[in-house]
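K.L.:
Provide a 3D model corresponding to the input given below.
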Amino acid sequence: MSAALSRRPADLVIFGGTGDLAMRKLIPALQHCDRDGLLAPQTRIIAMSRSGLTDADFRGKVHAELAERGADLRDLGRFLGRLHHVSIDVSGDGGDARGWARVRGLLAGHEQRDRVFYLASPPMTFGPFCRELRLAGLVTPSSRVVLEKPLGRNLESARRINDEVGEIFSESQTFRIDHYLGKETVQNLLVLRFANAFLEPIWNSLWIDHVQITVAETVGTPGRRGYYDHAGAMRDMVQNHLLQLLCLVAMEPPSRNDREAIRDEKVKVLESLRPISGTEADRFTVRGQYTEGIAGDRRVPGYLDEPGSTPPTRASRQVETFAAIRAEVKNWRWAGVPFYLRTGKRMPTRCSEIVVQFKDVPHSIFPGGSPNKLVLRLQPSEGIQMHIMAKEPGAGEVALRPVPLELSFGKAFGGRVPDAYERLLMDVLAGNPTLFMRRDEVEAAWRWIDPILATWEATGTPPEPYPAGVAGPPGARELLGRSGRTWHEELEEEVAL
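P.N.:
Predicted coordinates:
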């Protein structure tokens with residue numbers, strides 16, 4: 001990322017600027033960028049919401065939130081001075097004339113600056129908000145729009161949203177964000193693969209047995225059932241986060257480190273995924289829903305009994321809080337290599353990782369060996385491990401034990417590992433879309449996901465129950481067990497694994 005580009009003056013307008021995403025992720029990330037000197041002195045951050053706050057109120061709220069999260073408050077006055085708040089009701093008909101007049105007043109005279117409109121709001125608001133921006137005369141040639149995931153509920157709704165936004169913003173102005181792509185480990189996956197000669201010759205079906213991609217969360221959904229009933233793990237996590245990680249593992253080497261060359265290769269992977277529908281959904285997918293159980297050292301309720309949520313409905317009983325899939329990439333490099341994707345709520349360990357398991361040695365002269373693994377950890381601590389076999393010290397017979405060669409980014413490079421949103425926000429301000437999803441990429445993902453969802457809905461079979469604190473339902477273990485494989489031991493508290 002060019003420092004010169006990142007320090008161009010900009011107005012960053014956040015719709016939903018006092019919501020959970022803005023206060024928990026965006027504002028802290030921007031404060032870190034400001035403290036690191038990455039924001040131009042003239043850059044402003046304008047929050048839009050219905051909260052009725054004044055500028056002073058909003059700055060006080062941000063100060064309190066940052067202090068509560070233990071942020072470094074040195075030089076905070078400079079950052080707070082960048083903040084503004086506009087109270088506005090975006091109803092889709094341009095009705096809040098006073099609010100829009102305030103926004104126009106703040107932006108007037110700065111038409112030559114980059115303008116970034118960050119929509120930290122539900123996807124159904126994307127089209128109406130963009131139309132109101134145009135009606136208010138706020139869209140300039142240097143404007144950009146950032147769309148949060150999930151983009152729609154299926155291919156049809158994603159296309160509709162893309163069409164609505166595309167009427168106002170060109171594809172080059174549209175940044176569809178997936179914060180997983182901003183994580184250091186994800187970016188280092190590309191460097192690991194394409195800047196080191198030793199991996200590429202064995203990065204194929206001749207040497208790799210299978211790949212596991214896991215995003216496990218210990219939290220449940222208290223107060224969020226209204227959203228989660230209509231999203232579920234498949235729409236909320238698999239369609240975006242996990243498929244993006246799969247693309248980066250499976251993509252062919254691009255011809256150059258170029259924004260479109262990399263995204264072209266990711267689309268090819270999505271278009272090469274073996275379709276899953278009908279009876280194959282029963283064989284290659286698993287869905288579950290957590291019930292009451294022990295999480296950590298306390299008993300927690302099941303999904304249907306989460307406090308602060310809307311009363312459970314038929315959709316509540318059918319929605320999955322856990323999903324696992326056996327995917328295949330049908331091309332020469334990956335033929336016959338299964339990609340196991342897994343995500344769930346109320347799992348025993350918070351962990352996001354990619355595990356590339358290599359095949360066993362052709363002929364072992366030592367007893368007790370196990371295949372090598374490459375483990376890329378995205379959270380809680382980002383890093384890379386290569387599990388190799390080594391001899392245990394001591395006299396007598398040779399005894400083997402797997403040991404990790406470990407690269408911890410925090411230890412190796414020192415200092416704080418930046419949050420993913422910091423990198424992505426700076427890329428937006430710099431106009432660099434490499435780590436953002438292109439329209440055809442989003443729609444290709446939905447084309448693969450839609451038949452699975454349609455099959456689940458058509459059968460009406462409820463998801464498998466699993467107690468909170470357990471790594472998914474029994475079907476997840478059986479998904480790998482049918483081929484003699486097991487999930488990586490990182491979720492070490494999983495029962496019967």
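K.L.:
Count the residues that sit near residue 130.
P.N.:
Per other CB atoms under 10 Å, the neighbour tally for residue 130 reads 24. For every residue, glycine as well, the C-beta is placed using N, CA and C.
K.L.:
no, scratch that, I was asking about residue 27
P.N.:
26.
K.L.:
Over to residue 56?
P.N.:
Neighbour number of residue 56 under other CB under 10 Å is 11.
K.L.:
sec struct for it, please.
P.N.:
Assigned with DSSP: H, G, I helix; E, B strand; the rest coil, residue 56 falls in the helix class.
K.L.:
ok, now how distant is it from residue 16?
P.N.:
20 Å (CB to CB, to the nearest Å).
K.L.:
Just the C-alphas of stretch 452-467, formatted as PDB.
P.N.:
The C-alpha coordinates for stretch 452-467 follow below in PDB (Å, rounded to 0.1, in the frame of the first residue of the first chain):
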ATOM      1  CA  ILE A 452     -27.600 -26.600  -0.800                       C
ATOM      2  CA  LEU A 453     -29.900 -24.100   0.900                       C
ATOM      3  CA  ALA A 454     -32.800 -25.100  -1.400                       C
ATOM      4  CA  THR A 455     -32.300 -28.800  -0.600                       C
ATOM      5  CA  TRP A 456     -32.200 -28.100   3.200                       C
ATOM      6  CA  GLU A 457     -35.400 -26.000   3.000                       C
ATOM      7  CA  ALA A 458     -37.200 -28.600   0.700                       C
ATOM      8  CA  THR A 459     -36.500 -31.500   3.000                       C
ATOM      9  CA  GLY A 460     -37.700 -29.700   6.100                       C
ATOM     10  CA  THR A 461     -35.400 -31.800   8.300                       C
ATOM     11  CA  PRO A 462     -34.400 -29.900  11.400                       C
ATOM     12  CA  PRO A 463     -30.700 -29.400  12.100                       C
ATOM     13  CA  GLU A 464     -28.900 -31.900  14.300                       C
ATOM     14  CA  PRO A 465     -28.700 -30.800  17.900                       C
ATOM     15  CA  TYR A 466     -25.400 -30.400  19.600                       C
ATOM     16  CA  PRO A 467     -24.700 -29.300  23.200                       C
END
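K.L.:
Could I get the pLDDT score of residue 492?
P.N.:
As predicted, residue 492 sits at a pLDDT of 45.
K.L.:
that's a strand at residue 328, yeah?
P.N.:
Yes: per three-state DSSP, residue 328 lies within a strand segment.
K.L.:
ok, now which ones touch it?
P.N.:
273-274, 334, 336-339 (CB atoms under 8 Å, 6 or more residues apart in numbering).
K.L.:
again, 6 Å this time
P.N.:
Under the criterion of CB atoms under 6 Å, 6 or more residues apart in numbering, the contact list for residue 328 reads residue 274.
K.L.:
My read is that residue 14 contacts residue 44, right?
P.N.:
No: with contact defined as CB atoms under 6 Å, residue 14 does not count as touching residue 44 (11.1 Å).
K.L.:
Between the two, tell me which one has more neighbours.
P.N.:
Neighbour tally, residue 14 and residue 44, criterion other CB under 10 Å: the higher count belongs to residue 14, 25 against 19.
K.L.:
what about that one, which SS state?
P.N.:
Assignment for residue 14 (three-state DSSP): strand.
K.L.:
Run through the bridge partners of it.
P.N.:
Legend: beta-bridge partners of residue 14 under DSSP bridges are residue 47, residue 118.
K.L.:
Sketch out the helices for the stretch 1-150 of the chain, chain order is fine.
P.N.:
Here the stretch 1-150 of the chain has its helices, by DSSP state H, counting those that start in this stretch, at 3-6, 20-21, 27-35, 55-68, 76-81, 97-107, 126-135.
K.L.:
Give the buried residues for the longest one.
P.N.:
Meaning helix 55-68. Using 16 or more other CB atoms under 10 Å as the test for burial, helix 55-68 gives 58-59, 61-63, 65-66.
K.L.:
Could you dump the residues you listed into a markdown table and include distance to residue 462 and pLDDT?
P.N.:
Listed next are the buried residues of helix 55-68 as a markdown table, based on distance: CB to CB, whole Å; pLDDT from 0 to 100:
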| residue | distance to residue 462 | pLDDT |
| --- | --- | --- |
| 58 | 44 | 93 |
| 59 | 48 | 94 |
| 61 | 42 | 93 |
| 62 | 43 | 92 |
| 63 | 46 | 92 |
| 65 | 39 | 90 |
| 66 | 43 | 89 |
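K.L.:
So the chain: which segments form each domain?
P.N.:
3-148, 181-481 (automatic domain parsing).
K.L.:
Quickly find the element holding the spatially closest residue to residue 259 that is not a sequence neighbour.
P.N.:
Distances taken as CB to CB, 6 or more residues apart in numbering put residue 434 closest to residue 259, at 4.1 Å, once the chain neighbours are dropped. In this structure, residue 434 sits in neither a helix nor a strand according to DSSP states H and E.
K.L.:
tell me, how many neighbours does residue 434 end up with?
P.N.:
16.
K.L.:
Then residue 335?
P.N.:
Residue 335 has 11 nearby residues by other CB under 10 Å.
K.L.:
And it, its phi and psi?
P.N.:
Here is the backbone geometry of residue 335 (degrees, to the nearest 10): phi -60, psi 120.
K.L.:
need the contact list for it.
P.N.:
So residue 335 contacts residue 205 (CB under 6 Å, 6+ apart).
K.L.:
Next one: it from residue 408, what distance?
P.N.:
Counting by CB to CB, the gap from residue 335 to residue 408 is 35 Å.
K.L.:
Verify the stated contact: residue 7 with residue 40.
P.N.:
Yes: the criterion here is CB under 6 Å, and residue 7 meets it with residue 40 at 4.5 Å.
K.L.:
and these two? which has more neighbours close in?
P.N.:
residue 7 (18 against 15).
K.L.:
how about the more buried one, what does it touch?
P.N.:
Here residue 7 is in contact with residue 40 (CB under 6 Å, 6+ apart).
K.L.:
and the gap between it and residue 397?
P.N.:
63 Å.
K.L.:
so what's residue 18 up against?
P.N.:
49, 51.
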